[in-house]
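> mind folding the following:
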Amino acid sequence: MDSTADFDRGTVTDTALALFLARGFGSTTLDDIAEASGVAVETVSRVFPTRESFVLDVVDDMLAAAVKHLPEGEQDEDLVDALSRAHKEMLGGIIAGTGAVPLQRMQQMGLLAMASPTLAAAISERRKQTLPLALAEHYGMDPDDPLILRTVRVWSAVVSGTYAAGISDSADTEPARDLDDTRRMTRRLDHAFKHITGRSEF
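Just a heads-up that it's a prediction; the model follows:
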């Protein structure tokens, strides 16, 4: 299969994520992913030019889904509350099996972020690129407004805290437990939200 017309993006992404977790992110090449996927490396590299692209593709799908939930709140809703509500809706859909990405794909992305500071930084940067524009559009503000930038920094801290809680919760060594008990993921996010913001609920 050499044409991107028949390219199954999700299957190739899942193959790449599984290889990253099994072999290590730095030890897995595009050639490895292409071979395991049964796709020409030239085709893979047209869609995913870097190894980070596979992980960021999952992040982009999740962020896009969260952004779609922003308009469901009140116009005067606190910005941090708006982001937490939108992300909670996005995560609820994924956990229910109706969301933007399969649960296992989200879990693998999280495990990779926990294992690689470089990837975690790339994910954080993508979040800081995407969310200010979405918040600005929803609230009719400038993306560089200090309130928007502060909100995104706070939310990035919440997500980073969630990854850290996952390591403490052995999610990186016992990943199957998150699939068996999806409430573990939301509990970690809730804990990080409370710790970072001082608010009582995510």
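> how about low-confidence regions in the chain?
1-6, 164-186, 200-202 (pLDDT under 70).
> domain map for it?
For the chain, automatic domain parsing gives the domain ranges 4-47, 52-197.
> just send those back as CSV, with mean neighbour count too.
For glycine as for every other residue, the C-beta is placed from the backbone atoms N, C-alpha and C. Output for the domains of the chain, formatted as CSV (neighbours: other CB atoms under 10 Å):
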stretch, mean neighbour count
domain 4-47, 16
domain 52-197, 17
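> give me the most central residue, the protein.
In the chain, the C-alpha nearest the mean C-alpha coordinate belongs to Val59, at 3.6 Å (CA atoms, centre = their mean).
> which residues does that one contact?
Val59 makes contact with 109, 123, 126-127 under the criterion CB atoms under 8 Å, 6 or more residues apart in numbering.
> one more: Ile123?
55-56, 59, 109, 113.
> just the contacts of Val59 now: which is nearest Thr197?
Of all these, Arg127 has the smallest distance to Thr197: 16.4 Å, by CB to CB.
> pretty sure that closest one contacts Val154?
No: using CB atoms under 8 Å, Arg127 is not in contact with Val154, being 11.6 Å away.
> show me what stretch 18-34 is in contact with.
The contact list for stretch 18-34 (CB under 8 Å, 6+ apart) reads 12, 15-16, 36, 40-41, 43-45, 48, 51, 54-55, 108, 111-112, 115-116, 118-119.
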